[in-house]
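S.K.: I'd like to go over a predicted model; first the sequence, then the structure.
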Amino acid sequence: MGVHIAPHRSRGLSYSMIESNDMIVAMEDWQCKYLRKICQENKEKIFLLPLFDNHSGTSWENYNIRDPYGKDLEEFKQCYGRIERCLSGLFLALGKQCGFGKQVII
């Protein structure tokens, strides 16, 4: 897909990370609910990425992005496509909110 992730390492989300960033994007409903619960004063910064997908799926899929970890290549490709659609929707929404045009470069 042209994305180089070799140097990427996952890390836990800290309170200082939440405080110092403008937006926190969760991929699963439970993550979003948990973060909003423990970070009441910053809950307006926390968003659920699947809500920016313009394709509807099952009830569960409307609020969650499946983790492809341990799955085959096709699952990874589907997940990548879903994340790409969601991010396009998010960037479009941000562009509209910030007064930018409809065209967003990703």
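M.R.: Thanks, I have it. Numbering: from 1, shown residues only.
S.K.: show me the contacts for Arg82.
M.R.: Arg82 makes contacts with 50, 53, 65-66, as judged by C-beta atoms under 8 Å, 6 or more residues apart in numbering. Where you see a C-beta, it was placed from the backbone N, CA and C, and this is true even at glycine.
S.K.: whoops, Asn42 was the one
M.R.: Taking C-beta under 8 Å, 6+ apart as the criterion, Asn42 is in contact with 18-19, 24.
S.K.: Report pLDDT for the residue nearest in space to the middle of the chain.
M.R.: Central residue check for the chain by C-alpha atoms, centre = their mean: the C-alpha nearest the mean position is that of Leu49, 3.5 Å away. With respect to pLDDT, Leu49 has a value of 96.
S.K.: quick one, strands of the chain?
M.R.: 24-26, 46-48 (DSSP state E).
S.K.: Look up the closest residue to Ile83, ignoring the ones flanking it.
M.R.: Among residues not flanking Ile83 along the chain, Ile65 sits closest, at 6.4 Å (C-beta to C-beta, 6 or more residues apart in numbering).
S.K.: Go through stretch 24-38 and flag the buried ones.
M.R.: If you call a residue buried by 16 or more other C-beta atoms under 10 Å, then stretch 24-38 has these buried ones: 24-29, 31-32, 35-36.
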